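J.: Fold the following for me, if possible:
(one chain, ligands or ions: 2)
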Amino acid sequence: MKEIVLLGSTGSIGTQVLEVAKLHNIKVKALSAGSNIKLLEEQAREFMPEYVCIADQNKYSDLKNALSDIPVRVLTGKDELSELAALPCNSVVNAIVGMAGFIPTLTAINAGNNVALANKETLVVGGEIITAAAKEKGVQLLPIDSEHSAIFQSLMGSMGNKLRKIILTASGGPFRGFSKEQLRKVTKEQALKHPNWSMGAKITVDSATMMNKGLELIEAVWLFGAAPEQVEIVVHPQSILHSAVEFEDGSVIGQLGMPDMRIPIQLALTYPKRFNSPAKPLSLTDIGSLTFEKPNDDVFPCMNLARTALKKGGNMPCIMNRANEIAVKLFLEDRISFLEITEKIRWAMENVSFSKELTSEVILETEKETEKKMCS
Ligand code: NAD
Ligand code: MG
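T.: Numbering: from 1, shown residues only. Ligands and ions are numbered 1, 2, ... in the order given. You can find the predicted model right below:
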């Protein structure tokens, strides 16, 4: 029986990881959440883990009291969260949102644990450090992000043949086809209505700005050792082809399926085996047509910001990522407009100290400086 440690268990990905765990009798050794103690308590009662950890220290005593009748160790704090990532297990599933997931991922790898990674921000801020550590420790870094799972699956059995190109598909989000003028007036409610996927608020806004594809471009470069120019972003509104790779002979291999995160989540937990899934089977004749178009970089400049950050290297992707997290939060609090998200990111990339050298310490300092400069 497999045993996992699940970080970010109360979120959109976290709850679907638990559905998969229940279906396939995967044991849950530890659960953690940011602040939702009500759901964390319910999950602890159902899955009976050895540990639970709540990031929000103000919620610790309420959670501890609520769980006093069951044999579970209740923890709080960043160091404790990382302790969970180092527990011996078959896989640490990182479903935390934002760069708060970076240190737990690195800790899991350094402890010799395999990682099933939904937290793309980990690779955006420190892809070089993470992939080098995974290589050194000989652990698996399995993507949960649907596009990266698709690329990974397309490469399964490629016998070391070189890939020419990665075709990274994007739904285009709720504002596909909009002009800049139309984007000026869009609301939070509109941005939170994704046409194909039901996800956490941050990634849903990232999909609306297309920063999600920028983050995924960086994620793909690190996971698959590709050059940024080898990654082509293609808008595919139906979200059925989850991404593809092109080999040197011109063959394109892709992975298709209904847009249901339980498919890539499950494969990351059971790899290399595949088991039955509650996801609806794909009927190509019901879908009818699959369409593809070029992304509009003028209206959605975040993809190019990500390319610029990647080219500059060092801590620039970290600055861009943290600025995006802060700007999205401000947008969700109705403090800035939709278009100001991009302006804020651009401003941070020009005003936060650049460091060519990248270490974990530089990443944490960059996080702090970006917060300080953007919020003062
Ligand atoms: P979410 O907001 O629904 O859930 C986030 C989880 O992280 C929650 O359990 C929350 O309590 C926890 N958390 C938040 N801040 C924390 C902190 N500082 N310390 C510890 N825990 C914290 O987000 P989500 O949509 O599930 O996304 C999670 C990650 O997966 C993101 O990186 C996202 O980009 C990626 N992802 C999500 C989807 C999706 O379908 N939701 C698809 C692909 C990739
Ligand atoms: Mg994705």
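
J.: Number of residues surrounding residue 115?
T.: Residue 115 is flanked by 27 other residues according to other Cβ atoms under 10 Å. C-betas here are computed from N, CA, C, even on glycine.

J.: Next, work out how far apart it and residue 22 are.
T.: 21 Å (Cβ to Cβ, to the nearest Å).

J.: Check residue 212 too.
T.: 28 Å.

J.: what does residue 88 give?
T.: 22 Å.

J.: shaky segments in the stretch 1-150 of the chain?
T.: For the stretch 1-150 of the chain, no stretch is flagged by pLDDT under 70.

J.: Which stretches in it count as helices?
T.: 12-23, 37-47, 60-66, 78-85, 102-110, 121-137, 146-155 (DSSP state H, counting those that start in this stretch).

J.: what is the orientation angle of the second one with helix 12-23?
T.: Between helix 37-47 and helix 12-23, the angle formed by their directions is 20 degrees, by axes from the mean of the first three to the mean of the last three Cα atoms, to 10 degrees.

J.: what comes up buried for helix 37-47?
T.: 37, 40, 41, 43, 44, 47 (16 or more other Cβ atoms under 10 Å).

J.: Out of those residues, which comes closest to residue 287?
T.: In terms of Cβ to Cβ, no member of the buried residues of helix 37-47 lies closer to residue 287 than residue 43, at 34.4 Å.

J.: residues touching that closest one, list them.
T.: 9, 10, 18, 31 (Cβ atoms under 8 Å, 6 or more residues apart in numbering).

J.: Residue 41 is in contact with the second one, correct?
T.: No - here residue 10 does not reach residue 41: they are 10.2 Å apart, not a contact under Cβ atoms under 8 Å.

J.: The residue of the stretch 201-350 of the chain found nearest ligand 2 - how many residues pack around it?
T.: Ligand 2 sits closest to residue 216 of the stretch 201-350 of the chain, with a gap of 5.5 Å, by Cβ to the ion. The local packing of residue 216 (other Cβ under 10 Å) involves 29 other residues.

J.: Now name the helix or strand holding it.
T.: Assigned by DSSP states H and E, residue 216 belongs to helix 211-224.

J.: ok now do the closest residue to the residue of the stretch 201-350 of the chain closest to ligand 2 other than its chain neighbours, which residues does it touch?
T.: Setting aside the residues directly before and after it, residue 216 is nearest to residue 147 in space (Cβ to Cβ, 6 or more residues apart in numbering), at 5.7 Å. Residues near residue 147 by Cβ under 8 Å, 6+ apart: 168, 169, 216, 220, 242, 243.

J.: I'd like to know which of those residues is nearest to residue 275.
T.: Using Cβ to Cβ, the contacts of residue 147 come closest to residue 275 at residue 242, 18.7 Å.

J.: Please report phi then psi for the closest one.
T.: phi -80, psi -10 (degrees, to the nearest 10).

J.: my read: it touches residue 148, true?
T.: No - assessed by Cβ under 8 Å, residue 242 is found out of contact with residue 148, at 9.0 Å.

J.: hmm, what's the outermost residue in this structure?
T.: residue 69 (34.6 Å; Cα atoms, centre = their mean).

J.: Which residue does the stretch 51-200 of the chain have closest to ligand 1?
T.: Using Cβ to the nearest ligand atom, the single residue of the stretch 51-200 of the chain nearest to ligand 1 is residue 200, 2.6 Å away.

J.: which non-adjacent residue is nearest that residue?
T.: Nearest to residue 200 is residue 12, by Cβ to Cβ, 6+ apart, at 4.6 Å.

J.: before we move on, which element is residue 243 in?
T.: Residue 243 belongs to strand 241-247, assigned by DSSP H and E.

J.: report the angle between the axes of that strand and helix 146-155?
T.: Going by the same axes, to 10 degrees, strand 241-247 makes 40 degrees with helix 146-155.

J.: what sits against the residue of the stretch 51-200 of the chain closest to ligand 1?
T.: Counted by Cβ under 8 Å, 6+ apart, residue 200 has contacts 11, 12, 13, 97.

J.: For the stretch 251-376 of the chain, which segments count as strands?
T.: Assigned by DSSP state E, counting those that start in this stretch, the stretch 251-376 of the chain shows strands spanning 252-256.
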